[in-house]
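A.B. asks: This is a predicted model, with the sequence first.
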2 protein chains.
Amino acid sequence: MKAEIITIGDEILIGQIVDTNSAWIAQRLNEEGVQVVSKWSVADNREAIMAAVTHALDTSDIVIVTGGLGPTKDDITKKTLAELFGCGMVEHRPTFELVEKTLRARGIAFNELNRAQAMVPECCTVLMNYNGTAPGMWFEQERKGSLDEPSRDSEQQSVSNAMSGSKETHHAVLVSLPGVPFEMKALMTNEVLPRLRAHFHLRAIVHKTMITFGLAESVLATTIADWENALPSWLHLAYLPSPSQIRLRLSAYEVDGGEAQLEIDRQFAALERIIPAYVLGYGEATVASATADLLIKKGKTLAVAESCTGGAISSRFTAMAGASSYFLCGVTSYSNEAKADVLGVNPEDIRKYGAVSREVAEQMACGARRISGADYAIATTGIAGPTGGTEDKPVGTVWMAVAYPEGVLSRKMVYGKLREQNIERASATAINLLRLVLTGEADTLINEGLL
Amino acid sequence: MKAEIITIGDEILIGQIVDTNSAWIAQRLNEEGVQVVSKWSVADNREAIMAAVTHALDTSDIVIVTGGLGPTKDDITKKTLAELFGCGMVEHRPTFELVEKTLRARGIAFNELNRAQAMVPECCTVLMNYNGTAPGMWFEQERKGSLDEPSRDSEQQSVSNAMSGSKETHHAVLVSLPGVPFEMKALMTNEVLPRLRAHFHLRAIVHKTMITFGLAESVLATTIADWENALPSWLHLAYLPSPSQIRLRLSAYEVDGGEAQLEIDRQFAALERIIPAYVLGYGEATVASATADLLIKKGKTLAVAESCTGGAISSRFTAMAGASSYFLCGVTSYSNEAKADVLGVNPEDIRKYGAVSREVAEQMACGARRISGADYAIATTGIAGPTGGTEDKPVGTVWMAVAYPEGVLSRKMVYGKLREQNIERASATAINLLRLVLTGEADTLINEGLL
């Protein structure tokens, strides 16, 4: 089963928004065993939408269109779809009433633009959007195996036609969804995916992704080369690198009652024994979620003292539901006065060693632990850039410390010139330092000269 | 001049990474007057890359390909491009030396995988990547106006052929870049854009984007309808909504020495007079950057006290270079003890009114101001969700306060059920409250019953 995702909007082609919707949709479709063969972004005009949708319906079974449904003038998706599927527009009363009610609840006056949102192509099934004002729409179209375009697809199609002795037909599905992420997500989850399951027979694809942290891609690849080369040929391994962690994904089509899943689990278990200290977890695990899980499991609490990371570490923990069970307090002590007055860092040491120093990082961590009563504390102090570096301490220099009941551990890192990256890397690495303390692997790595 | 962006990688189609590169590339190309006609994401395999690149070279003048260049097994872009452009692979010595040096500086051992990174198609110009190990590559291909595909494009082409009396040919350009964002950005800025300017004659497109905050899309559209309807027909207006701000973009092809730019400036100046309190600024302005600019201009300092936003407000300010000139201290007081002990909130009031209350929000703001010596302070306390709500204070309830030299101002907002959204909206709205205090518009809005 093949799918194509089409995102509509000048704002995407002009680069003014980043398309996060299609990644999310692709994940959901993959989990259902639907292969996303391509993603297209096209402009908010009739011809571009027409061309993309026509092509997608020719080559895929499922077409998910997002965007181009807002109340304002530049949205013409709905009319183009009506034209394409050959029907007129009608008012959809339940949507009209829902839009009216939604706006009333928000204290916004109902106007003509909102009235237009309740107009839908007559030939679609409306998917009610309880989180916004633009409804989702489900279209079906008879799909014929076609011989006049000799693409790979239609060749396969013609083989199956020959085998079945008749021209195979089935209904392709096109779904149009609003571009606002949480509206789209609710519609996909509650309406689209259940309907797709009912409409098609879907072959499951099995994925599992291991999250590694702390090894560069080429070092990781070399370290695990023997394991990788011994993988069965039907398992596909992909490296998914990002600045601070590398994900390894194993995937396979499910062939036989859970066998693929079991083999993937076995292979990853073997890999964990090869690189124990570098495996954060699986799936959506991040260094923060892995660390939070350890704190929760041990019933321990956390405080954070940040200078160069500026609240990013606190933010990573508190972004996760349930943070209040272990996160007590964070202090973004940007000024030297805040380091001294709020965290109790010795002003004499700031003067003597500088704000970016082992001494200050350690005192910040200990101070955060003391003022909050937390079991553990993380601290960072550094030069995020782009300016502020010196010869001794160039931009990208970061001291980080972890205070724990028995003492304090600190490390210096030197990153690059880019502020955003330096904040991201320093946050992740400082959190990982706590993770290694919590798992007990910090000692092992230190003994082996690897930390 | 038309361009297509192709992003390569199973990880994009499978939804495991969000493609931020293509938005950035599209912005840069647009600034040069190049129209991005579509963006494609295709899988990391020979056939898919071949098909996408062939199609793009048929329809566009400029093709930018990102991704698929890492040192590990699943990257085959380079070989496919060599095949497509009909040449072999050679070792590129300067890249070899650069990779060796880069890895040495990072303390990573050079291995066979890295050696492969210095292999490039013989028919390309190598663009040196000083930030990573995968080089950029520049290919040119003679482009012929083609008559056998009767698309809109080739019709136009054949008209111009007929007019010039000969089959027009020029060289299309394909550039292959690494997928790591900061490596790609450096190569685009330093190599690709200057070369494209030299290679093509580019007609400038003029954009300007106004950032509005605080009006729902339909209200904004109604409020500015008269202004919008009176726009000259050659100016194109687009609404670019996001959860907490709506951007309005005016664009036009530059026709006559800055005239389009001047008209856009005039139109936006007129719009500012219609919705003064709701205009944050232009371009990349955010509510945080607009507020930071005001603080810097006035020489004032800031502190932050966060509960439900958990460091996100501090993080937004400190993510911007130069934050240390006005940002003194942030406290993420998640526990009631931290609210009392660090910020000096009266524990009796927490007990009496609850942690999510006007009293606590105001005391947090005043406490942050007091402990840091800042001129202004922002505070938030709320129920981010997904759990923790009560009948009186459902999930999404947030109290926010701004303390300033003359007093303290507080407001309650009730958002939805989604934690991430609630944190984002509460952060933005609380920062905007400070912005309105700084501009003096808070008083006006309060008098008019709009705040």
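C.D. replies: Okay, I see it.
A.B. asks: drop to CA atoms for contacts and neighbour counts, all remaining ones
C.D. replies: Fine.
A.B. asks: Surely A:W138 forms part of a strand?
C.D. replies: Yes - assessed with DSSP: H, G, I helix; E, B strand; the rest coil, A:W138 lies in a strand.
A.B. asks: I'd guessed it sits against A:M128; true?
C.D. replies: No - using CA atoms under 8 Å, A:W138 is not in contact with A:M128; the gap is 10.7 Å.
A.B. asks: A:A377 belongs to a helix?
C.D. replies: No - A:A377: not assigned to a helix; according to three-state DSSP it is strand.
A.B. asks: mind checking pLDDT for it?
C.D. replies: pLDDT recorded at A:A377 is 98.
A.B. asks: and it, how far is that from chain B?
C.D. replies: Here A:A377 is placed at a distance of 13 Å from chain B (CA to the nearest CA, to the nearest Å).
A.B. asks: Equivalent analysis for A:L84, please.
C.D. replies: Look at A:L84 and chain B: by CA to the nearest CA, they are 19 Å apart.
A.B. asks: A:I378 too?
C.D. replies: A:I378 is 14 Å from chain B, by CA to the nearest CA.
A.B. asks: what about the strand or helix carrying A:L103, distance to the chain center?
C.D. replies: Assessed by DSSP states H and E, A:L103 sits inside helix A:93-106. Centroid displacement of helix A:93-106 relative to its chain, using CA atoms, centre = their mean, to the nearest Å, is 31 Å.
A.B. asks: Tell me where the model's unsure across chain A.
C.D. replies: Scanning chain A for pLDDT under 70 picks out the ranges A:73-75, A:144-169, A:203-204, A:243, A:257.
A.B. asks: got the domain boundaries for it?
C.D. replies: Using automatic domain parsing, the domain parsing of chain A gives A:2-199, A:210-282, A:297-447.
A.B. asks: distance between the shortest one and the chain's centre?
C.D. replies: Its chain's average C-alpha position is 19 Å from that of domain A:210-282, according to CA atoms, centre = their mean.
A.B. asks: Would you mind finding the most buried of the domains of chain A?
C.D. replies: domain A:297-447 (a mean of 22; mean count of other CA atoms under 10 Å in any protein chain shown).
A.B. asks: Can you pull up the residues of the stretch 301-450 of chain A that come close to chain B?
C.D. replies: A:308-315, A:318-319, A:321, A:324, A:327-335, A:337-338, A:341-342, A:371-372, A:385-386, A:419-420, A:423 (CA under 8 Å from any CA of the partner chain).
A.B. asks: Tell me where the longest helix sits in chain A.
C.D. replies: Across chain A, the longest stretch assigned as helix under DSSP state H is helix A:419-439.
A.B. asks: CA-only coordinates of it in CSV, if you can.
C.D. replies: Extracted in CSV, the C-alpha atoms of helix A:419-439 (Å, rounded to 0.1, in the frame of the first residue of the first chain):
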residue,chain,number,x,y,z
ARG,A,419,25.0,29.7,19.6
GLU,A,420,21.9,27.5,19.0
GLN,A,421,24.1,24.4,18.5
ASN,A,422,26.2,25.1,21.6
ILE,A,423,23.1,25.5,23.7
GLU,A,424,21.6,22.2,22.3
ARG,A,425,24.8,20.2,22.7
ALA,A,426,25.7,21.5,26.1
SER,A,427,22.2,20.8,27.4
ALA,A,428,22.2,17.3,26.1
THR,A,429,25.8,16.5,27.2
ALA,A,430,25.2,17.9,30.7
ILE,A,431,22.0,15.9,31.1
ASN,A,432,23.9,12.8,29.8
LEU,A,433,26.5,13.3,32.6
LEU,A,434,23.7,13.0,35.1
ARG,A,435,22.4,9.9,33.3
LEU,A,436,25.8,8.2,33.5
VAL,A,437,26.0,9.1,37.2
LEU,A,438,22.5,7.6,37.8
THR,A,439,23.3,4.4,35.9
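A.B. asks: got a list of contacts for that helix?
C.D. replies: A:243-244, A:277, A:287-288, A:290-291, A:294-295, A:308-309, A:312-313, A:378-380, A:384-386, A:396, A:398, A:400-402, A:413, A:415-416, A:442-443, B:319, B:321 (CA atoms under 8 Å, 6 or more residues apart in numbering or on different chains).
A.B. asks: same thing but 7 Å
C.D. replies: With CA atoms under 7 Å, 6 or more residues apart in numbering or on different chains as the test, helix A:419-439 has contacts from A:244, A:287-288, A:291, A:294, A:308-309, A:312-313, A:378, A:384-386, A:396, A:398, A:400, A:402, A:415-416, A:442, B:319.
A.B. asks: Dig out what the nearest residue to A:D58 once chain neighbours are set aside forms beta bridges with.
C.D. replies: Of all residues not flanking A:D58 in the chain, A:R143 sits nearest, at 7.9 Å (CA to CA, 6 or more residues apart in numbering or on different chains). Taking DSSP bridges, one obtains A:H170 as the residues bridged to A:R143.
A.B. asks: Hmm, A:R143 is touching A:A172, no?
C.D. replies: Yes - A:R143 lies in contact with A:A172 (CA atoms under 7 Å); the separation is 5.8 Å.
A.B. asks: so what does the helix or strand containing A:I246 touch, helix or strand wise?
C.D. replies: Per DSSP H and E: A:I246 is located in strand A:245-253. Here strand A:245-253 touches strand A:205-213, strand A:236-241, going by 3 or more CA pairs under 7 Å, 6 or more residues apart in numbering or on different chains; DSSP states H and E.
A.B. asks: In the sheet, which strands lie alongside the longest one, parallel or antiparallel?
C.D. replies: For strand A:205-213, the paired strands and their directions (DSSP bridges) are strand A:245-253 (antiparallel), strand A:279-282 (antiparallel).
A.B. asks: Ok, which of those comes nearest B:R106?
C.D. replies: Closest to B:R106 of these is strand A:245-253 (CA to CA; 16.1 Å).
A.B. asks: report the angle between the axes of the closest one and strand A:236-241?
C.D. replies: Interaxial angle, strand A:245-253 versus strand A:236-241 (axes from the mean of the first three to the mean of the last three CA atoms, to 10 degrees): 160 degrees.
A.B. asks: Starting from strand A:245-253, tell me the next helix or strand along the chain.
C.D. replies: Counting by DSSP H and E, what follows strand A:245-253 is helix A:259-274.
A.B. asks: got the CA positions of that next one in PDB?
C.D. replies: Extracted in PDB, the C-alpha atoms of helix A:259-274 (Å, rounded to 0.1, in the frame of the first residue of the first chain):
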ATOM      1  CA  GLU A 259       9.000 -13.100  14.300                       C
ATOM      2  CA  ALA A 260      10.400  -9.900  12.800                       C
ATOM      3  CA  GLN A 261       9.800  -8.100  16.000                       C
ATOM      4  CA  LEU A 262      11.500 -10.800  18.000                       C
ATOM      5  CA  GLU A 263      14.500 -10.800  15.800                       C
ATOM      6  CA  ILE A 264      14.800  -7.100  16.000                       C
ATOM      7  CA  ASP A 265      14.600  -7.200  19.800                       C
ATOM      8  CA  ARG A 266      17.300 -10.000  19.800                       C
ATOM      9  CA  GLN A 267      19.600  -8.000  17.600                       C
ATOM     10  CA  PHE A 268      19.300  -4.800  19.700                       C
ATOM     11  CA  ALA A 269      19.800  -6.800  22.900                       C
ATOM     12  CA  ALA A 270      23.100  -8.000  21.400                       C
ATOM     13  CA  LEU A 271      24.000  -4.500  20.400                       C
ATOM     14  CA  GLU A 272      23.300  -3.100  23.900                       C
ATOM     15  CA  ARG A 273      26.000  -5.500  25.200                       C
ATOM     16  CA  ILE A 274      28.500  -4.000  22.700                       C
END
